[in-house]
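Visitor: Pasting a predicted model and its sequence here:
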Amino acid sequence: MYKQKLTTPEQAVTLVKDGDWVDYGMTTSQPVLLDKALAGRKDELHDIKVRETMSLFPRQVCECDPDCDTFTVMNWHLSGYDRKLAAQSRMFFNPMCFRNEPSIYRNIIDVDVAMITVAPMDKHGYFNFGLCAAVTEAITKKAKKVIVEVNPHMPRCLGGRGEAIHISDVDAIVEAPDVPVPTIPFVLGNDIDQKIASYIVEAIPDGATLQLGIGGLPNSVGAMIAKSDLKDLGVHTEMLVDAFYLMAKEGRLTNKVKNLNRDKGVFAFALGSQDLYDWVDDNPALATFPIDYVNDPAVIGQIDNFISINSCIEVDLYGQVSAESMGTHQISGSGGQLDFTDGAYRSRGGKSIIAMHATHTDKKTGTVTSNISPILKAGTTVTDPRSQTHWIATEYGMVNLMGKSTWQRAEALIGLAHPDFRDELIKEADKMHIWRKSNKR
Ligand SMILES: CC(=O)SCCNC(=O)CCNC(=O)[C@H](O)C(C)(C)COP(=O)(O)OP(=O)(O)OC[C@H]1O[C@@H](n2cnc3c(N)ncnc32)[C@H](O)[C@@H]1OP(=O)(O)O
Ligand SMILES: CCCC(=O)O
């Protein structure tokens, strides 16, 4: 069957017809040779819609078609490359809560052709989805045709479920022996990140189960945990990052006291360095599951002492969080932030922590602005509504907003702002009628 289905990328993409919706696997499952071959058909195809997530390298269907004559590309979560294209109307954002994405595929949207990078076929005829199980099964099950791009460098991730596809469900196979699996460097934050990390690490008990988001700030927290005295930590995370490998190496991560999936570190996709990939490869201490399980707040809430650590871009004085846009400029996406904010709050002893620097410096102009604002800018997307926001951390401390009234939130958040911006924030809070008269006397 393998020999019958094996073909060239150019031949495989002839499965795509005018008007089709084509889905690429997300992050490390993005096809490379198939993307290039599909781009090669630009002049003969019409109205092809491509859906993808977080490009880790230039997308050939975008590069070949700057005026978007043939390809309309949509993206569930923007990377740095993607946000530049989106700002030129060459890519469009697909709003979602990550836990809902599989059900959106199952119940709402159609897929004509799925193109997915996978690990080599095993002796039972299965292609492991490798580093990214998250939504891959939902995409392939909905697709009318499935093309797999086999990458021999793709680690094999053992799964709870939904981690592989059988050759009988595949329409065409192409091989990519010389394509590296994309890595991202483990970059630690600066002194401010270290300060914020120190508050967060203090709030983590022995035996806690952790989720870490993307970026220098969560990396700093993870690296500090690895060097701490914390014992018997567990992992239940959307994205498995290098920090978890460091914690395991230092003996902090045992998954021994987790009250769900005990002895297993749970994740939906892994993205990081080659060291991380070598650690996850065939590792029975880890289990990958689809995102509608990992990110389900009802699942997360069953795990005691669940500590979720994510970062954001801006918080207003009501406690509304944006982790994804600045006005109408889409920076990234909601991803799983709200899923974990809700889930960690439900956990006995749990905390959802949204961390950020108190200020932002514009790289081009050098202008410094407060990341705590009276109100979000016009057009900014709310990632976490104020009713769901739990803990917020900056280099000036950490506060729990849950249960606080509007004046208490304003007071607490102004206490987390950079001192240079506090007077102005107080004036605005007063105008917004969320500053106590007694404070003025
Ligand atoms: C994969 C996971 O994270 S799982 C966890 C759940 N998911 C989420 O939390 C999703 C939402 N969160 C995110 O997307 C990220 O955590 C972010 C964007 C909030 C922070 O990620 P980081 O990698 O630390 O972001 P970074 O500092 O590089 O900033 C990204 C961009 O936003 C811009 N930016 C960041 N903060 C601000 C700000 N306050 N004002 C204006 N622009 C800002 C940066 O300039 C940068 O833009 P550029 O690359 O085009 O120059
Ligand atoms: C693909 C979604 C990533 C995130 O949650 O940030």
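Guide: Received the coordinates, thanks. Ligands and ions are numbered 1, 2, ... in the order given.
Visitor: correct me, but Ala287 touches Asn261?
Guide: Yes. Here Ala287 reaches Asn261: they are 6.4 Å apart, a contact under CB atoms under 8 Å. Glycine gets a C-beta too; all of them are placed from N, C-alpha and C.
Visitor: For the residue of the chain found nearest ligand 1, list the residues it contacts.
Guide: Going by CB to the nearest ligand atom, ligand 1 is nearest to Gly215 of the chain, at 2.6 Å. If you count contacts by CB atoms under 8 Å, 6 or more residues apart in numbering, Gly215 has them with Gly189, Ser311.
Visitor: what's the answer for Thr140, then?
Guide: Ala114, Ile116, Val146, Ile165, Asp169.
Visitor: and which of the residues you listed is nearest to ligand 2?
Guide: Ile116 (15.4 Å).
Visitor: Specify the local secondary structure of the closest one.
Guide: With DSSP: H, G, I helix; E, B strand; the rest coil as the basis, Ile116 sits in strand.
Visitor: Isn't it up against Val146?
Guide: Yes. At 7.0 Å, Ile116 and Val146 qualify as touching, with contact defined as CB under 8 Å.
Visitor: neighbour count winner among those two?
Guide: A side-by-side neighbour count of Ile116 and Val146, using other CB atoms under 10 Å, places Ile116 first with 27 against 24.
Visitor: residues touching the closest residue to that one other than its chain neighbours, list them.
Guide: The shortest distance from Ile116 to any non-neighbouring residue, by CB to CB, 6 or more residues apart in numbering, is to Gly25 (3.9 Å). Taking CB under 8 Å, 6+ apart, we find Gly25 in contact with Pro31, Ala114, Met115, Ile116, Thr117, Phe129, Cys132, Thr136, Ile139.
Visitor: In contact with Thr117, which residues?
Guide: With CB under 8 Å, 6+ apart, Thr117 has these contacts: 25, 28-32, 130, 148-151, 154, 176.
Visitor: Swap in 7 Å and give it another go.
Guide: Taking CB atoms under 7 Å, 6 or more residues apart in numbering, we find Thr117 in contact with Gly25, Thr28, Ser29, Gln30, Pro31, Glu149, Asn151, Met154.
Visitor: Show me what it is bridged to.
Guide: Here Thr117 sits in beta bridges with Glu149, as judged by DSSP bridges.
Visitor: roughly how far apart are it and Val61?
Guide: Distance of Thr117 to Val61, computed by CB to CB, to the nearest Å: 16 Å.
Visitor: nearest to Val221, of the contacts of Gly25?
Guide: Nearest to Val221 out of the contacts of Gly25 is Cys132 (CB to CB; 23.3 Å).
Visitor: Now do the closest one: how many residues are near it, please.
Guide: Cys132, neighbours per other CB under 10 Å, totals 28.
Visitor: That one: what's it in contact with?
Guide: Gly25, Met26, Thr27, Thr28, Ser29, Phe269.
Visitor: among these, who's most crowded?
Guide: The contacts of Cys132, ranked by neighbours (other CB under 10 Å): first place Ser29, 29 neighbours.
Visitor: Tell me if I'm right that that residue and Phe129 touch.
Guide: Yes. Between Ser29 and Phe129 a contact is recorded at 6.5 Å, counting by CB atoms under 7 Å.
Visitor: Touching both of those two, which residues are there?
Guide: Thr136.
Visitor: How about the backbone phi and psi for the closest residue to Thr406 other than its chain neighbours?
Guide: Spatial nearest neighbour of Thr406, chain neighbours left out: Ile434 (4.3 Å); criterion: CB to CB, 6+ apart. For Ile434, the backbone dihedrals (degrees, to the nearest 10) come out as phi -120, psi 30.
Visitor: At the contact with ligand 2, which residues of the stretch 151-300 of the chain appear?
Guide: Within the stretch 151-300 of the chain, the residues that sit near ligand 2 (CB under 6 Å from any ligand atom) are Ile214, Glu238.
Visitor: Contacts only, for the residue lying closest to Gly213 once chain neighbours are set aside.
Guide: Nearest residue to Gly213, sequence neighbours excluded (CB to CB, 6+ apart): Asn310, at 3.7 Å. The neighbours of Asn310, taking CB under 7 Å, 6+ apart as the test, are Gly213, Pro218, Ala323, Gln337, Phe340, Ile354.
Visitor: redo that, cut-off 8 Å
Guide: By CB under 8 Å, 6+ apart, the neighbours of Asn310 are Gln211, Leu212, Gly213, Pro218, Ala323, Gln337, Phe340, Thr341, Ser352, Ile353, Ile354, Ala355.
Visitor: Give me the secondary structure label for it.
Guide: Asn310 - assigned by three-state DSSP - is strand.
Visitor: what's across from it in the sheet?
Guide: Beta-bridge partners of Asn310, as defined by DSSP bridges: Ile354.
Visitor: Can you list the low-confidence ranges for this protein?
Guide: 441 (pLDDT under 70).
Visitor: Quick check: residues of it near ligand 1?
Guide: Taking CB under 6 Å from any ligand atom as the contact definition, the chain meets ligand 1 at 80, 83, 213-217, 238-239, 310-314, 323-324, 326, 331-332, 335-337, 360, 371.
Visitor: and the gap between Ser168 and Thr367?
Guide: Following CB to CB, the distance that separates Ser168 from Thr367 is 58 Å.
Visitor: and what of Ile392?
Guide: 23 Å.
Visitor: what about these two, which has more around it?
Guide: Neighbour count, other CB under 10 Å: between Ile392 and Thr367, Ile392 has more, with 25 against 9.
Visitor: can you confirm the more buried one is in a strand?
Guide: Yes. Counting by three-state DSSP, Ile392 falls inside a strand.
Visitor: That one and Ile354 touch, don't they?
Guide: Yes. Ile392 is within contact range of Ile354, at 5.4 Å (criterion: CB under 8 Å).
Visitor: Find residues that contact each of those two.
Guide: With CB under 8 Å, 6+ apart as the test, Ile392 and Ile354 both reach Val315, Val321.
Visitor: And for stretch 392-401, what's in contact with it?
Guide: By CB under 8 Å, 6+ apart, stretch 392-401 touches 192, 195-196, 199-200, 203, 315, 319, 321, 351, 353-358, 371-372, 386, 389-391, 409, 412-413, 415-418.
Visitor: what's the answer for stretch 331-339, then?
Guide: 76-79, 83, 93, 95-99, 213, 238, 291, 295-297, 300, 310, 312-313, 321, 323-325, 354, 381, 383-384, 388.
Visitor: Mind giving me the PyMOL command for buried ones among these?
Guide: Buried residues within the contacts of stretch 331-339, by 16 or more other CB atoms under 10 Å, are selected in PyMOL with:
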select buried, resi 76+77+78+79+83+93+96+97+98+99+213+238+291+295+296+297+300+310+312+313+321+323+324+325+354+381+383+384+388
